[in-house]
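> compute the structure for the input listed below.
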Amino acid sequence: MRYDALHDRFWATQDFGEGENADVANGVVVVSPTGEKEGELLFARDDVEFVAFSPDFTRAYSGGFDGELHIFDNSRRELCISRTVTGFPHQLSDLTVGSAGQVYVLCQDGTVVELDAEGGFVRDTAHRRQAVWDIQPSREDPRTLYCATDSGVAVARVADSAAGPMVRVEAEYLTGAGFTRRVAPAESGCVGITRDGTVFRSDRDGTVRWRVPLPDLAHTVAVSPDGGRALVATNGGAVELDAADGSRLARFDVDGLPVWATAYLPDGDRVLVTRNGVIAVLDATGASLRWRFDQGEYPKRAWVQDNRLYVVGDGGLKEIEVGVGVAARWSRLLSNTVENAVVCDGLVLASSYGMQLAAYEHAGMRFAGLLEDLPDYPKALTVIRDADGAPYLLVGCRTGLLSLYRVHTDGSRPVLTKLRDHWLPRRPVHYTLRHQDHPTAVADACDTPQARTADATHPGATHPDARAHDAGEAVTAAPPRPTPAATATTAAS
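Model (predicted):
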């Protein structure tokens with residue numbers, strides 16, 4: 001919350017929205033000194049992390065996990081966004097304004113970007129970064145692993161040794177796009193999604209078969225059991241692509257809600273999970289709704305294993321019997337959102353934002369162990385096996401750390417024992433800032449801006465669409481951005 005000295009009021013950020021927009025749309029709320037709500041403006045589908053003012057309070061700045069910076073014209077009392085800056089290398093965590101009006105934006109990967117008062121690029125910290133966001137085994141060989149990283153896709157191999165399995169990174173293929181958020185194994189390679197809204201398919205040797213831009217922020221991706229389709233969860237619904245060439249097959253909508261997780265059932269039926277926890281199962285050959293279930297909590301990932309649907313996120317890991325409901329839940333002693341989990345050998349292993357790894361018995365849901373104060377934030381989890389078939393947990397972390405744990409299933413020892421660590425090399429950050437100017441109108445007009453855009457490329461960028469840093473070039477028409485109320489409801493309603 002910040003005080004607006006120009007209009008004698010307070011601005012507050014939203015994480016979850018309220019009423020019909022709860023877990024759907026967020027923004028800023030304006031409150032009088034006596035506590036009355038004066039107004040609000042919703043502009044985000046994810047957490048809003050900050051609000052700050054220029055020294056003279058004629059501008060306000062707000063943004064968050066959508067990775068967009070919104071610049072408000074605060075010279076008058078109505079809430080109005082005058083410019084939106086996108087294309088940052090990561091989610092936005094914080095912002096501060098200098099005494100001369102210079103703006104410093106902190107991204108979640110540690111990059112600090114300096115902007116002028118109007119959002120024009122000045123410089124950054126030339127930060128080098130790395131993270132492992134997802135790890136998926138190859139379809140052909142479970143000992144070949146595809147790792148989604150800050151710089152692209154790393155291919156790793158599991159090899160045997162006297163001290164247990166060794167994970168060796170054979171190659172890392174740089175995409176030149178935003179960080180790779182998720183990967184899904186496909187024949188001879190994988191399908192991945194990037195932070196800048198790109199879906200791509202690459203072979204095991206890094207050859208990119210196709211690359212498709214999406215208009216909305218992508219969250220997860222799944223490939224159908226027959227390998228023919230890829231289903232991408234985005235803030236604008238779910239998009240299904242032909243896995244062979246990337247052509248769009250269909251778009252699916254659930255009440256106009258952001259879709260944050262997708263999966264395929266064994267028969268090819270599609271699973272969509274919205275930001276506010278609605279699960280919709282759609283027929284494999286059409287768009288007819290087979291089942292709808294509101295489990296009430298936001299998801300981070302979803303997958304199908306042994307004919308059960310697993311959804312991880314707020315409230316822990318849930319095992320769901322399609323057509324029935326939640327059959328089991330694991331969350332005990334996890335202090336924050338559950339980021340990821342695996343089910344193997346009668347155990348459930350889960351990680352949380354609280355830098356924890358927890359173990360549970362699958363059958364009885366009994367708590368079996370906990371590791372806390374990990375050296376890094378765990379993001380990716382997968383199970384690998386040694387030559388005798390014994391399980392090991394491989395954990396990918398926020399700083400590019402890969403940690404290997406021995407999994408004990410006999411109950412005589414702690415479930416997880418740390419074996420070794422491996423760090424992926426850090427890479428320079430490449431990104432392209434884009435500026436969208438909005439009409440000088442009241443809040444309703446600002447909520448669905450139709451204006452112009454201009455690209456501003458970081459000087460070191462190698463993005464395929466990168467151009468010289470010039471905020472005045474490449475002016476093109478920008479489409480309106482839908483609000484929740486304006487998005488059509490289709491088959492999944």
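> neighbours of E172, just the number please.
As a burial measure, E172 scores 18 neighbours (other CB atoms under 10 Å). Yep, even glycine has a C-beta here, placed from its N, CA and C like the rest.
> tell me who's in contact with it.
For E172, the contact set (CB atoms under 8 Å, 6 or more residues apart in numbering) comprises 149, 151-155, 424-425.
> rerun at 6 Å
Going by CB atoms under 6 Å, 6 or more residues apart in numbering, E172 touches A154.
> hang on, it in a strand?
Yes - under DSSP: H, G, I helix; E, B strand; the rest coil, E172 falls within a strand.
> what's the distance between it and N74?
45 Å (CB to CB, to the nearest Å).
> over to T149?
According to CB to CB, T149 stands 39 Å off from N74.
> more neighbours: which of these two?
Between T149 and N74, T149 has the larger neighbour count (other CB under 10 Å), namely 30 against 22.
> in the sheet, who's paired with that one?
Note on T149: beta-bridge partners by DSSP bridges are V132.
> then the one 4 residues further on?
Taking DSSP bridges, one obtains A148, Y173 as the residues bridged to V153.
> contact partners for it?
Per CB under 6 Å, 6+ apart, neighbours of V153: 146, 173, 180.
> in JSON lines, list those along with neighbour count.
Shown next, in JSON lines, are the contacts of V153 (neighbours: other CB atoms under 10 Å):
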{"residue": "Y146", "neighbour count": "27"}
{"residue": "Y173", "neighbour count": "19"}
{"residue": "T180", "neighbour count": "30"}
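> pick the one among those residues closest to T207.
Lowest distance from T207 to those (CB to CB) belongs to Y173, with 8.7 Å.
> just checking, A159 touches M166?
Yes - A159 is within contact range of M166, at 4.8 Å (criterion: CB atoms under 6 Å).
> of those two, who's got more company?
Ranked by neighbour count (other CB under 10 Å), A159 and M166 place M166 first, with 16 against 11.
> so that one touches D160, yeah?
No - the pair M166 / D160 is not scored as a contact, 7.5 Å apart, by CB under 6 Å.
> and the residue nearest the centre of this protein?
Per CA atoms, centre = their mean, the C-alpha nearest to the average position across the chain is that of H219, at 4.5 Å.
> which residues of this protein fall in helices?
Applying DSSP state H to the chain gives helices spanning 443-447.
> low-scoring stretches of it, by residue?
For the chain, the stretches with pLDDT under 70 are 16-17, 21-23, 440-493.
> swap the cut-off to 50 and go again
For the chain, applying pLDDT under 50 flags the ranges 441-457, 459-493.
> on that earlier part again, and the contacts of V153, which is closest to T198?
Each of the contacts of V153 was scored against T198 by CB to CB, and T180 proved nearest at 9.3 Å.
> now the residue nearest to that closest one when sequence neighbours are not counted: how far from R77?
Counting by CB to CB, 6 or more residues apart in numbering, A148 is the residue found nearest to T180 once chain neighbours are left out, at 4.0 Å. When distance is defined by CB to CB, A148 is 45 Å away from R77.
> between those two, which has more neighbouring residues?
When A148 and R77 are compared for neighbours, A148 comes out ahead with 27 against 13, by other CB under 10 Å.
> which residues touch that one?
A148 makes contacts with 133-134, 180, 182-183, as judged by CB under 6 Å, 6+ apart.
> returning to that earlier point: wait, doesn't the residue nearest to the centre of the chain sit right on V232?
No - using CB under 6 Å, H219 makes no contact with V232, being 8.2 Å away.
> pretty sure L282 contacts V271?
No - with contact defined as CB under 6 Å, L282 does not reach V271; the gap is 7.9 Å.
> what's the distance between the residue lying closest to T198 once chain neighbours are set aside and V199?
Leaving aside its sequence neighbours, T198 sits nearest to A177 (CB to CB, 6+ apart; 4.8 Å). Distance of A177 to V199, computed by CB to CB: 10 Å.
> okay, these two: which has more neighbours?
Set A177 next to V199 and count neighbours by other CB under 10 Å: A177 wins out with 25 against 21.
> are any of the contacts of A148 buried, and if so which?
For those, a neighbour count by 16 or more other CB atoms under 10 Å gives the buried set as 133-134, 180, 182-183.
> and these, which of them are in strands?
Judged by DSSP state E, the buried ones among the contacts of A148 include 133-134, 180, 182-183 as members of strands.
> can I get those residues in TSV with distance to L401?
Listed next are these as TSV, based on distance: CB to CB, whole Å:
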residue	distance to L401
W133	12
D134	14
T180	17
R182	19
V183	18
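> nearest to R292, of these?
Distance to R292, by CB to CB, is smallest for R182 among those, at 24.3 Å.
> so how far is Y61 from the closest one?
R182 is 30 Å from Y61, where distance means CB to CB.
> cool, and E361?
Shown here: E361 relative to Y61, a distance of 49 Å by CB to CB.
> out of the two, which sits in the busier spot?
With neighbours defined as other CB under 10 Å, E361 and Y61 compare such that Y61 has more, 24 against 16.
> how deep is the closest residue to the more buried one other than its chain neighbours tucked in, by neighbour count?
Nearest residue to Y61, sequence neighbours excluded (CB to CB, 6+ apart): A52, at 5.0 Å. Residues lying near A52 (other CB under 10 Å) number 17.
> returning to what we had before: quick one: the residue nearest to T198 and T194 touch, right?
Yes - at 4.1 Å, A177 counts as touching T194 under the criterion of CB under 6 Å.
> re earlier: between the buried ones among the contacts of A148, which is nearest W330?
Nearest to W330 among the buried ones among the contacts of A148, with distances taken as CB to CB, is D134, at 20.3 Å.
> so who does that closest one touch?
So D134 contacts 148, 182-183, 380 (CB under 6 Å, 6+ apart).
> okay, now S247: neighbour count?
By other CB under 10 Å, 10 other residues sit near S247.
> G389 now?
G389: 7 neighbours (other CB under 10 Å).
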